[in-house]
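S.K.: Output the structure for:
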Amino acid sequence: MIRGTRILVRNILGMVAGGYTVERILACYPELTREDIRAALEYAAAVVDEEQLIPH
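M.R.: So this is what the prediction gives:
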């Protein structure tokens, strides 16, 4: 969740993947800030970067 809200990071990621602009995300979630969206994307990048795959 994004701090101080009940909005999941995956919701923001899904919107970005669907082609939403930051402005459109902010219109859908007026309680968010640009910083919230940036932090959600940075968090997702860090999680993916930490992911380790073990070959079969």
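
S.K.: Which positions within the longest helix belonging to the chain qualify as buried?
M.R.: Counting residues, the longest helix found in the chain (DSSP state H) is helix 34-50. Neighbour counts using 16 or more other C-beta atoms under 10 Å place 36-37, 39-40 of helix 34-50 among the buried residues. In short, each C-beta sits where N, CA and C put it, glycine included.

S.K.: Show me what that helix is packed against.
M.R.: Secondary-structure packing of helix 34-50 (3 or more C-beta pairs under 8 Å, 6 or more residues apart in numbering; DSSP states H and E): helix 9-17, helix 22-28.

S.K.: Nearest to residue 55, out of the ones you listed?
M.R.: Closest to residue 55 of those, according to C-beta to C-beta: helix 9-17, at 26.4 Å.

S.K.: Kindly provide the whole-number mean pLDDT of the closest one.
M.R.: Average pLDDT, helix 9-17: 97.

S.K.: what helices or strands is that helix leaning on?
M.R.: helix 22-28, helix 34-50.
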